[in-house]
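Peer 1: Mind folding the following:
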Amino acid sequence: MEEGWTPLLDAPRTAARIGCRRLLIKDESQNPTGSFKDRSASYTISHLRQEGAVGVVLNSTGNASAAFAAYAARASLPCVCVVPRDVLYANVLQIQLAGAELVLLDDWTDASRLSDEIAQVRGFQNVSASRTPHRIIGKMTIGYEIVEQLDGRFPDYVVCPTGGGTALLALKRAFEGIKLRGEVDGDVPRLVISQYEGCSPLVEAFRSGLSNVKPWPRIDTPRGGMRTPAPTMAPAVLDAISQGGAYAINPMQARKAVREMSSTDGVCLGLEAGTALAAVELGLKWEEIAADACIVIINSASVLKSELAAPDVFDRTSLQWEE
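Peer 2: Numbers count the residues shown, from 1 in each chain. All right, here's what the predicted structure looks like:
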């Protein structure tokens, strides 16, 4: 459905404000269902359709379910989406319009078990992030496009809001493949992740020098993405960011970053990408990210698919943003 080849947008005023040479936004919000999950859904569903799959099931906090529901409908495959009960309505709407089955779950720690059980009972393929390699392969195209859009050059840093780490590992694989084939001179980009303070097991492990995460005891984040308390791919993610960095961001910092970029450069980041911009600011401030760098931020999803678009974010009387 024409997913991919999303724009790489310059943000010169924000770059000047935060003190870096060049800042670019890979705007994945312009994919068909509004997030970078469409890349994984397109590739995975196409592959499974060729293999004769009879249906798919996945657990996700919303965006992946919306993407897989749409692409499963395109391929005439039934789809079951297991989502948390407080899932954002934008995703519920997309899932239901696509005709997928919606399962609302109160205890999100039970999500993986339930999706495995549904897959076994119905004979469906489980396409949850930790259950298939195809999702990483689909997202590798983000890395290829960044290099092509930079006229065959690597950026210095790529900053990706991260839950389980699928996109981060896809970027690593793409950049290393380009380098191995001798297509680009110079070093591959340093990879940096951002997470919410209320669920930041990867950041905690990175900052503590650990090779694996400790399960996060209690999720306290805005509704939407980046709610993975015990990412199964953690060792690989921590290895991928070993030369980069990891930052835990307060949601208010993320909101502030979103508003400042929107009001100066006109680029609307989703709240998850707001954590990435706030992470860049912290990295520059702490001198962990070089000021003379070219930095790419992955805007993983539309601002309309974040808690910023939920009614309770605004004072409906004055229509002022509540800080």
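Peer 1: shouldn't residue 109 be in contact with residue 229?
Peer 2: Yes: with contact defined as C-beta atoms under 8 Å, residue 109 counts as touching residue 229 (7.4 Å). All C-beta spots, glycine's among them, are computed from the backbone N, C-alpha and C.
Peer 1: Excluding covalently adjacent residues, which one is nearest to residue 292?
Peer 2: Using C-beta to C-beta, 6 or more residues apart in numbering and skipping the chain neighbours, the partner closest in space to residue 292 is residue 21 (4.9 Å).
Peer 1: I'd guessed the one you found sits against residue 289; true?
Peer 2: No: if you go by C-beta under 8 Å, residue 21 and residue 289 don't touch, sitting 11.0 Å apart.
Peer 1: Please identify which of the two sits among more neighbours.
Peer 2: Higher neighbour count among residue 21 and residue 289: residue 289, with 25 against 13, using other C-beta atoms under 10 Å.
Peer 1: which residues does that one contact?
Peer 2: 20, 157, 192, 245, 280, 283, 295 (C-beta atoms under 8 Å, 6 or more residues apart in numbering).
Peer 1: Just the pLDDT at it, thanks.
Peer 2: What the model reports as pLDDT for residue 289 is 98.
Peer 1: For it, give its distance to residue 252.
Peer 2: The gap separating residue 289 from residue 252 is 21 Å, by C-beta to C-beta, to the nearest Å.
Peer 1: again, but for residue 99
Peer 2: From residue 99 over to residue 252 the distance is 38 Å, taken as C-beta to C-beta.
Peer 1: in the chain, which spans are strands?
Peer 2: Assigned by DSSP state E, the chain shows strands spanning 8-10, 22-27, 56-59, 79-84, 101-105, 125-126, 157-161, 190-196, 245-249, 294-299, 314-315, 320-321.
Peer 1: Contacts only, for the residue nearest to residue 268 when sequence neighbours are not counted.
Peer 2: The shortest distance from residue 268 to any non-neighbouring residue, by C-beta to C-beta, 6+ apart, is to residue 303 (4.6 Å). With contacts defined as C-beta under 8 Å, 6+ apart, the neighbours of residue 303 are 29, 258, 268, 269, 270, 271, 309.
Peer 1: Distance of residue 303 relative to residue 3?
Peer 2: Going from residue 303 to residue 3 by C-beta to C-beta gives 19 Å.
Peer 1: do the same with residue 219
Peer 2: Residue 219 is 29 Å from residue 3, by C-beta to C-beta.
Peer 1: In terms of packing, which of these two has more residues around it?
Peer 2: Of the pair residue 219 and residue 3, residue 3 is the one with more neighbours under other C-beta under 10 Å, namely 23 against 15.
Peer 1: correct me, but that one touches residue 32?
Peer 2: Yes: using C-beta under 8 Å, residue 3 is in contact with residue 32, at 5.6 Å.
Peer 1: Roughly how far does the residue nearest to residue 187 when sequence neighbours are not counted sit from residue 194?
Peer 2: Nearest residue to residue 187, sequence neighbours excluded (C-beta to C-beta, 6+ apart): residue 154, at 6.9 Å. Residue 154 sits 20 Å away from residue 194, taking C-beta to C-beta as the criterion.
Peer 1: So for these two, which residue has more residues nearby?
Peer 2: Per other C-beta under 10 Å, whichever of residue 154 and residue 194 has more neighbours is residue 194, with 32 against 22.
Peer 1: Contacts only, for that one.
Peer 2: 159-162, 246-249, 272, 275-276, 278-279 are the contacts of residue 194 under C-beta under 8 Å, 6+ apart.
Peer 1: Could you give the bridge partners of it?
Peer 2: On the basis of DSSP bridges, residue 194 is bridged to residue 161, residue 247.
Peer 1: Can you list the low-confidence ranges for this structure?
Peer 2: Filtered on pLDDT under 70, the chain yields the residue ranges 310-323.
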